[in-house]
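Curious how this folds, go ahead:
(one chain, ligands or ions: 1)
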Amino acid sequence: MELAKRYGGQTPSGMVRIFQAIEEMTSAGNPPLNLSIGEPDFVTEPDIVDAAAGAAKEGFTHYPPLPGFPDLREAVCAYWERHHGLKARPEEVYISVGGLHAAWLVFQALLNPGDEVLVFEPYFTPYADQIRGNGGVPVPIRTREENAFAPTPDELRAAATPRTRGILLNSPGNPSGRVLPRRQMEEIAAFAEERDLFVLSDEIYESMVFNGCHTCFAALPGMKERTVLISGVSKSHCMTGWRLGYLIAPANLIQLLCVNSTFQTYGVNTLAQKGACYALNTQDAKVQERSAVFAARMKAVRERLDTMTGVECHPAEGAFYLFPSIRGTGLSSEEFAWRLLREAGVAVVPGNAFGSTGEGYIRIACTQSQETLMAAMDKMESFTRSLAQNMPA
Ligand code: PMP
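Okay, the predicted model is just below:
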């Protein structure tokens, strides 16, 4: 069948290629220890499942309102005000099929052909394809580890052109695990204002900050009207499979998304919305508890990484990823990740899957039990030791 030219040459990303290899190894009866996927190992809390099942029994089995159920949109507002001081109205909330689809819808609604979006490298892999897929041009800005993987004002200015329309922000960051300090957020805000740019702020890991604190970009003075905040319950509430995300944005964007949904999805799964509404209103203590578990795992894994020859890891600040440098091993990111998978049975994602700045790094998701993580560290330690032994003197 002849495929659309705009997707000609589209191939799976470096991250998806690893996921595919894991599937193959698993179906061949040889599953690796999987530290590659950004999905909590915890299942959804049973009372959330009961809330969704109860709603089904009560008859919530029909099409939902296009932007989402009013009680869920209110729960989203209450959650962000309670945790991050953001004041939003339900008319400024749109419920989406996960945070991933929220970003796609926003680029679809905001970008004109050739519009440029500044993306800080390393970035969550799908974003460049999403921008390109909606006629835009991703403009990567190479960032540095010591600068929390964010550009300086001079670097922002150097990357901007008259075609720049927006900035993509992601803090706590995937893959870096870095949390942007408020001062750096304020510099970005001043730049967005100066150039009249929109800011898509992906804050899906807001509940997982171990060092410093989360700054909600839309809550910075003057930023709400130019910001689209993206989040969801996948990570915070261990609900990846429910495919439930949302965005908070100016009401005219929400209105356009509702129109667009009449020829796209016609709303998001009613039962998932009911589960998410209950989750956002009732689970703060559980979210905090799990966040502490992720923090402890990351600390333990980082301690192990730092003893390995050729590996160096900055401290974890947020999300559930570590992004150690493996430069000292002499291997590229791809060589390291693929050899670690094939020779040691441990799956991680090569850093270059997140843009060229990620070369020399790997991403480790601490989304497995402590026991599995430590078993994976044992294997990785032997692997790096054998690399060091075979390195030319
Ligand atoms: N943004 C970031 C930075 C992510 O890491 C992810 C998931 N890996 C998402 C968005 C999408 O999450 P979901 O679609 O499950 O809500």
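
contacting residues for the residue lying closest to Met308 once chain neighbours are set aside?
Spatially, and ignoring its direct neighbours in sequence, Met308 is nearest to Thr384 (4.4 Å; C-beta to C-beta, 6 or more residues apart in numbering). All C-beta spots, glycine's among them, are computed from the backbone N, C-alpha and C. Thr384 is in contact with Met308, Thr309, Gly310, Val311, Thr329, counting by C-beta atoms under 8 Å, 6 or more residues apart in numbering.

Pick out the most distant pair among these.
Pairwise distances across the contacts of Thr384 (C-beta to C-beta) peak at 8.6 Å, for the pair Met308 and Thr329.

Can you list the residue ranges for helices in this protein?
14-27, 46-57, 70-84, 98-110, 126-133, 153-159, 182-195, 251-261, 270-282, 284-305, 333-339, 370-389 (DSSP state H).

so Arg297 makes contact with Leu373?
Yes - here Arg297 reaches Leu373: they are 5.8 Å apart, a contact under C-beta atoms under 8 Å.

joint contacts of those two?
With C-beta under 8 Å, 6+ apart, Arg297 and Leu373 have common neighbours Cys366.

Any residues of the stretch 201-350 of the chain in contact with the ligand? List them.
Asp202, Ile204, Gly232, Ser234, Thr240, Gly245 (C-beta under 6 Å from any ligand atom).

of all those, which comes closest to Pro138?
So of those, ranked by how close each gets to Pro138 (C-beta to C-beta), first place is Asp202, at 14.1 Å.

measure the closest one to Leu156 for me?
According to C-beta to C-beta, to the nearest Å, Asp202 and Leu156 sit 18 Å apart.

neighbour-wise, which of those two wins?
Between Asp202 and Leu156, Asp202 has the larger neighbour count (other C-beta atoms under 10 Å), namely 27 against 23.

Quick check: pLDDT value at the more buried one.
pLDDT for Asp202: 98.

thinking again about what came up before, what's the most distant pair in the residues of the stretch 201-350 of the chain next to the ligand?
Going by C-beta to C-beta, the pair spanning those furthest: Asp202 and Thr240, at 15.5 Å.

Share the number of residues neighbouring the residue in the chain positioned nearest to the ligand, please.
Nearest to the ligand in the chain, going by C-beta to the nearest ligand atom, is Gly98, at a distance of 2.6 Å. By other C-beta under 10 Å, 23 other residues sit near Gly98.

Now that Thr161 has come up, it's in contact with Val117, right?
No - using C-beta under 8 Å, Thr161 makes no contact with Val117, being 11.5 Å away.

Need the residues touching each of those two.
Taking C-beta under 8 Å, 6+ apart as the criterion, Thr161 and Val117 both touch Val139.

the more surrounded of these two?
Neighbours were counted for Thr161 and for Val117 using other C-beta under 10 Å; Val117 has more, 27 against 11.

contacting residues for that one?
The neighbours of Val117, taking C-beta under 8 Å, 6+ apart as the test, are 107, 111, 131, 136-139, 164-168, 200.

Now intersect these with the strands, please.
When those are checked against strands (DSSP state E), the matches are Val137, Pro138, Val139, Thr164, Arg165, Gly166, Ile167, Leu168, Leu200.

tally of neighbours for the fourth one?
For Thr164, the neighbour count with other C-beta under 10 Å is 18.

The closest residue to it other than its chain neighbours: neighbouring residues, count only.
Distances taken as C-beta to C-beta, 6+ apart place Glu116 nearest to Thr164, at 4.7 Å, with adjacent residues excluded. By other C-beta under 10 Å, 20 other residues sit near Glu116.

from what I can see Glu116 touches Ile141, true?
No - Glu116 is beyond contact range of Ile141, at 11.2 Å (criterion: C-beta under 8 Å).

can you put the helices of the chain in TSV and add mean pLDDT and distance to Ala219?
TSV is the format used below for these (pLDDT from 0 to 100; distance: least, C-beta to C-beta, whole Å):
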stretch	mean pLDDT	distance to Ala219
helix 14-27	91	31
helix 46-57	98	27
helix 70-84	98	6
helix 98-110	97	18
helix 126-133	93	22
helix 153-159	93	21
helix 182-195	96	10
helix 251-261	97	17
helix 270-282	98	18
helix 284-305	96	18
helix 333-339	96	35
helix 370-389	95	34
